[in-house]
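1. Quick one, what's the 3D model for this:
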Amino acid sequence: MPLLIAFLLWCLLWVLCWPVALALLLVAPLLWLLSLPLRLLGVVVGAMFALLRALLYLPARLLGHKP
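-> This is a model prediction of the structure:
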């Protein structure tokens, strides 16, 4: 559903101002490519926090604490 709404908004933009719509078609993939390293960085930071949490809770788990 959000994809359909985005497409309809883009069609409206095409009717109102086609140069901006064409520029959006060219810029959107570039912005997606630029955001990929930030997404990967977010995954790595999340994994590091999960590892740190697992290491900190390891003694309690070894002693038999159940969540």
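
2. contacts and neighbour counts: CA atoms only from here.
-> OK.

3. And the longest helix along the chain, what does it pack against?
-> Ranked by residue count and defined by DSSP state H, the top helix of the chain is helix 18-62. Secondary-structure packing of helix 18-62 (3 or more CA pairs under 8 Å, 6 or more residues apart in numbering; DSSP states H and E): helix 2-16.

4. Tell me the buried residues in the helix it packs on?
-> By neighbour count with 16 or more other CA atoms under 10 Å, helix 2-16 contains the buried residues 10, 13.

5. Could you report the neighbour count for residue 41?
-> Around residue 41 there are 12 other residues, counting by other CA atoms under 10 Å.

6. Quickly note the distance from it to residue 60.
-> Separation of residue 41 from residue 60 (CA to CA, to the nearest Å) stands at 30 Å.

7. Residue 25 - how many residues pack around it?
-> The number of residues packed near residue 25 is 12, by other CA under 10 Å.

8. How much space separates it from residue 17?
-> In this view, residue 25 and residue 17 are 13 Å apart by CA to CA.

9. now residue 47
-> 44 Å.

10. repeat for residue 43
-> 38 Å.

11. Sweet, I'm off.
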